[in-house]
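1. 3D model of this:
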Amino acid sequence: MSDDDQFELRLGRQRGAGTRRPASYASRVAVAARLNAGKGAARSRRFDGSRIGRGAGLGRLLSSRDGLAASRTRRTVVKTRLVRLGGRSMGAAKAHLRYLQRDGVTREGTPGELYGAETNHADGKAFLERSRDDRHQFRFIVSAEDGDLYPDLKPFIRRLMSQVEEDLGTRLDWIAVDHFNTGHPHSHVVLRGVDDRGQNLVIAREYISHGLRERAAELVTLDLGPRTTHEIEQRLRHDVGQERLTAIDRRLIARMDAGRAVAQHANDPLFHALERGRLQVLKRMDLAEDLGGGNWRLAAGIEDTLRTMGERGDIIRLMQRELTRAKLARSDHRIYGPGSGLLVGKVITRGLADEHRDRHYLLVDGIDGHSHYVDIGRAGSLESLPEGATVRIAPAAARVRAIDHAIADVAAASDGRYSIALHLRHDRSATQAFAETHVRRLEAMRRARLGVVRDPDGTWQIAADHLDQAERFEQRLLRERPVIVELVSPEPVDRLAGIEGATWLDKELSAPSGMHVRDAGFGRELREALDARRQWLVDQDLAEMEREGIRLRTNALTILQRRELLRIAARLCSDTGKDFVETKIGERIEGRVVRRIDMASGRFALIEKSREFTLVPWRPVMEKQIGRKASGILRESGISWRFGRGRKGPEIS
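-> Model (predicted):
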């Protein structure tokens with residue numbers, strides 16, 4: 001090699017097959033953490049969708065607030081609900097806005113007023129029109145613990161939603177209304193499910209779970225200042241004697257060992273005293289046992305028990321407030337539950353038990369002399385009831401129906417498939433209308449995503465565990481409608497004494513049900529109404545007094561029902577200018593279902609033709625058929641209805 005061929009050796013990055021760039025310290029820590037995390041970490045790595053959507057990173061960041069800062073922050077509750085829109089859901093969305101603007105929710109007792117980001121008088125109808133093509137909407141309830149210190153909640157909600165816009169990186173379309181009708185002032189916010197580009201707005205679950213609440217708490221703390229040590233101590237001292245789940249209980253439960261034993265707080269004299277006082281209260285409630293030496297054992301299920309006690313206390317306070325408003329002096333309050341029997345009584349009021357889940361309640365003055373709180377479930381599960389109406393309430397039961405067994409039998413004989421044709425072939429005695437009821441049942445289960453699949457040809461794939469799926473479906477229905485409420489009479493009982501119609505009082509007099517009627521509250525009202533009705537029936541020569549009581553004429557109820565029917569028909573003739581045609585057994589009925597007519601004798605449907613109309617017994621299924629053509633034949637067992645113009649319309653027997 002000559003001097004001209006000299007070369008310079010430059011050392012660079014090693015690229016041998018067996019070499020690798022050394023891992024950074026942070027990556028080595030991450031690997032070690034993963035290797036030592038165990039099963040809990042393995043579960044946490046599973047995909048759960050919580051980080052999909054806008055605001056995921058901020059949600060995680062805000063949820064990791066410093067413990068000391070969190071203790072000083074003003075507590076705020078934010079409840080969120082995602083609602084699917086489209087079809088019938090738009091009607092429910094309209095009803096929701098109408099309910100939010102109901103009377104008596106402001107400080108002055110006036111109706112609620114919708115507002116938006118830039119206006120104090122938002123147009124709810126225009127908001128719904130803009131939402132018509134939206135896939136979903138978000139509904140928030142924002143309640144600050146010290147919200148009563150705000151003279152007006154609108155500026156707070158506007159700043160909160162402005163901060164949410166910044167966090168999510170998009171403009172938002174929302175309206176809100178403030179409520180002051182409970183112990184804690186709160187705001188309802190309805191947010192469209194689209195971003196500023198018209199695309200579906202997807203908010204990360206971590207932001208919904210943590211980010212919204214933390215942002216609201218930040219604003220309240222900024223407005224009212226952080227909680228002082230005195231305020232924190234005062235709140236904890238107040239919690240010592242409460243019959244509900246408190247912050248002290250949560251501290252004790254968090255320190256509990258596998259044997260449910262817990263030692264008192266030894267480091268902080270204040271918490272030591274508070275926990276000792278709380279444990280003594282829990283001992284009196286049979287929820288804690290003193291083991292000696294500062295050690296205690298908490299009862300199994302203490303958390304659920306205290307939560308249930310808190311809910312019961314809230315219900316009792318609500319009942320006292322509503323009964324005072326209704327000027328009813330009652331000291332004996334009952335909460336109607338699954339183990340309760342038949343309840344007959346007068347509706348005092350209907351209210352919203354849970355605004356977040358849209359659950360309602362009834363307060364009923366029973367014939368047993370007690371006032372009852374009845375959870376009636378979701379709003380749409382029960383029609384509106386006038387105050388003073390008489391109702392009959394029984395617990396609902398979740399059990400597999402005969403219709404589910406029939407579907408399973410047909411599927412078992414047809415390679416796991418069901419259709420109307422297969423049903424009629426399997427059961428020669430079944431009718432088309434009867435089989436169609438089974439299809440409606442399957443359609444309801446399909447919408448609930450419970451084990452049935454509809455094929456394009458109209459047949460259904462039935463799972464092998466169909467009866468188990470049907471039971472789960474019934475359990476879901478039971479949560480939405482825990483009781484069966486029957487409207488006995490829309491009129492108060494004191495107005496039934498002289499009505500020309502077959503009232504429920506007449507039926508009670510002709511065939512006593514054996515109800516225990518106490519001489520107190522609504523029971524006393526019922527006794528007086530029965531006495532007055534008894535005398536009226538005798539005066540009308542529809543009943544005779546006997547030694548044992550009263551005996552109605554054989555056809556008394558039929559006479560009373562026909563009198564009322566003709567009286568209502570005469571009024572409708574005057575209103576519509578059409579002739580009334582009274583139907584008889586065996587006659588065919590045709591016409592358009594116009595509306596429902598409520599009478600003392602029961603409910604009837606107004607069926608109209610071009611020049612005449614008739615009145616026939618009402619069926620709940622007819623509610624969805626109003627405005628449509630109907631035809632059927634009146635038989636002693638009822639009417640088999642066929643709706644729609646075509647011959648293949650649905651038939652309801």
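
2. can you mark which positions in the helix or strand that contains Leu526 are buried?
-> Here Leu526 sits within helix 522-539, counting by DSSP states H and E. Under the neighbour-count criterion of 16 or more other CB atoms under 10 Å, helix 522-539 has Phe522, Gly523, Glu525, Leu526, Ala529, Leu530, Ala532, Arg533, Arg534, Trp536, Leu537 buried. Every residue, glycine included, has its C-beta placed from N, CA and C.

3. average pLDDT for that helix?
-> Averaged over helix 522-539, pLDDT sits at 91.

4. and it, how far out from the chain middle?
-> Here the centre of mass of C-alpha atoms in helix 522-539, compared against the chain's by CA atoms, centre = their mean, to the nearest Å, lies 38 Å away.

5. after it, next one along is what?
-> Per DSSP H and E, helix 522-539 leads on to strand 543-546 as the next helix or strand towards the C-terminus.

6. low pLDDT regions in the stretch 201-350 of the chain?
-> Applying pLDDT under 70 to the stretch 201-350 of the chain flags the ranges 266, 329-331.

7. same check on the chain?
-> 1-51, 65-71, 87-89, 266, 329-331, 355, 379-381, 645-653.

8. doesn't Asp519 belong to a strand?
-> No. Per DSSP: H, G, I helix; E, B strand; the rest coil, Asp519 lies outside any strand segment and is coil.

9. gap between it and Arg527?
-> 7 Å (CB to CB, to the nearest Å).

10. what are the boundaries of the helices in the stretch 1-150 of the chain?
-> 25-36, 38-44, 56-63, 67-72, 89-100, 124-130 (DSSP state H, counting those that start in this stretch).

11. can you map out the strands along the stretch 151-300 of the chain?
-> 174-179, 186-192, 261-263, 288-292, 295-298 (DSSP state E, counting those that start in this stretch).

12. out of those strands, which is closest to Val281?
-> Val281 sits nearest to strand 288-292 of all these, at 8.5 Å, using CB to CB.

13. in its sheet, what does the closest one sit against?
-> In the sheet containing strand 288-292, its partner strands are strand 295-298 (antiparallel), by DSSP bridges.

14. buried ones in the strand it pairs with?
-> Trp296, Leu298.

15. what does stretch 574-584 give?
-> Across stretch 574-584, burial judged by 16+ other CB under 10 Å covers Phe580, Val581.

16. and that stretch, how far from the chain's centre?
-> 41 Å.

17. now do it: everything it contacts.
-> Here stretch 574-584 makes contact (CB atoms under 8 Å, 6 or more residues apart in numbering) with 565-566, 569-570, 572-573, 589, 608-609, 611-616, 634.

18. do stretch 136-151 as well
-> Residues from elsewhere that reach stretch 136-151 (CB under 8 Å, 6+ apart): 74-85, 93, 96, 131, 153, 156-157, 160, 184-193, 200-201, 203, 212, 216-217, 220, 223-224, 355-356.

19. what do you get for stretch 591-598?
-> Against stretch 591-598 from outside (CB under 8 Å, 6+ apart): 490, 568, 572, 603-609, 613-615, 618, 622-623, 625-630, 643.

20. quick one: contacts for the nearest residue to Asn181 once chain neighbours are set aside?
-> Nearest non-adjacent residue to Asn181, counting by CB to CB, 6 or more residues apart in numbering: Val105, 4.6 Å away. Neighbour list for Val105: Pro111, Gly112, Val177, Asp178, His179, Phe180, Asn181 [criterion: CB under 8 Å, 6+ apart].
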